[in-house]
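# pasting a predicted model and its sequence here:
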Amino acid sequence: MSQKNGMIQIQCINTIFRLFVQNEDEMTKVEIFVNNIRTMKGISLTDIYNWCNRQGILYDTRFNYHKEFSAWRNFCMFIHYYRQKQKYMLHLKIA
């Protein structure tokens, strides 16, 4: 986790979440969430999407390209990232 002027980055294997914290209350929520993530064995992108939306934290996501991986593996990881994002966005529209 890194922080810059009200923006906190959470980096997963293939996704970077940028959370935009607007006040101390939101900062406290994010700190507790990040501490909980560190104790978990695995967390999905959907878990992070859901948490941000339930807490009302503004966020966006970026694909995290890894230079040490092959182009094919990065492509497969991008497809997974894109599908997860589309699946979640579709879920938001239906709900």
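Nice, I can see it. Numbers count the residues shown, from 1 in each chain.

# list the beta-bridge partners for Arg18.
When bridges are called by DSSP bridges, Arg18 pairs up with Gln9, Asp60.

# need the contact list for the residue positioned nearest the centre of the chain.
Nearest to the geometric centre of the chain sits Phe17, at 3.5 Å (CA atoms, centre = their mean). Neighbour list for Phe17: Gln9, Ile10, Gln11, Ile48, Cys52, Tyr59, Asp60, Thr61 [criterion: CB atoms under 8 Å, 6 or more residues apart in numbering]. For every residue, glycine as well, the C-beta is placed using N, CA and C.

# apply 10 Å and report the result again.
Counting by CB atoms under 10 Å, 6 or more residues apart in numbering, Phe17 makes contact with 1, 8-11, 45, 48-49, 51-52, 57, 59-62, 64.

# now it: closest residue in space that isn't a chain neighbour?
Ile10 (4.3 Å; CB to CB, 6 or more residues apart in numbering).
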